[in-house]
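# Give me the fold of what follows.
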Amino acid sequence: MHATTARHFFAVSFLISAAALSAQTEDWYYGKIIKAVEFEGLHNVKPADLDGVIKPFVGKPFTDGLYSDLTGRLYALDYFDDINPTAYPADSTREAVRLSFAVTERPVVSKLLFSGNSGVHASELRETVTVKESDVFIKSKVLLDED
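Numbers count the residues shown, from 1 in each chain. From the prediction side, this is the model:
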């Protein structure tokens, strides 16, 4: 091999290796077993309320499809306005992944007030409506109760 060609070959090989290593570093968690799922920013939602959603994903390898399914199920709960994920190594060998979700919870209903309800007691209305004090505020539920 000519000296210039050899240098060019090694330079190209180095760039390809560096790009592959960079991709491995950034996406190291693909295919790794999910050991744990945690949440940051929970104030009103209890971690136990999320167990039924996250438990089926623990022990499975991380994929884009699995991630989409998990975040879709979390959003479907209507507990959160925003969910930001981060993947951390679950062990020193990076053989497993720990997912952490920084969440922004939706507001909580602090008090129910009824107006214009002459002839109907507020206690009867409280029993009838689906939204209760301390529930996560979901506008569509409030509108249905209003009707």
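# Just say helix, strand or coil for Leu70.
helix (DSSP: H, G, I helix; E, B strand; the rest coil).
# With Lys55 instead?
helix.
# pLDDT at it, what is it?
On the pLDDT scale, Lys55 is placed at 97.
# number of nearby residues for it?
10 (other CB atoms under 10 Å). Heads up, the C-betas are built off the backbone N, CA and C, glycines and all.
# repeat for Arg94
14.
# can you tell me which residues contact it?
Trp28, Lys32 (CB atoms under 8 Å, 6 or more residues apart in numbering).
# What of the one 3 residues further on?
Taking CB under 8 Å, 6+ apart as the contact definition, Val97 lies against Tyr29, Lys32, Ile33, Ile34, Lys35, Phe62, Ala87, Tyr88, Pro89, Ala90.
# tell me which element it falls in.
For Val97, the host element (DSSP states H and E) is strand 96-105.
# Quickly run through the sheet partners of that strand, with directions.
strand 33-40 (parallel), strand 80-89 (antiparallel) (DSSP bridges).
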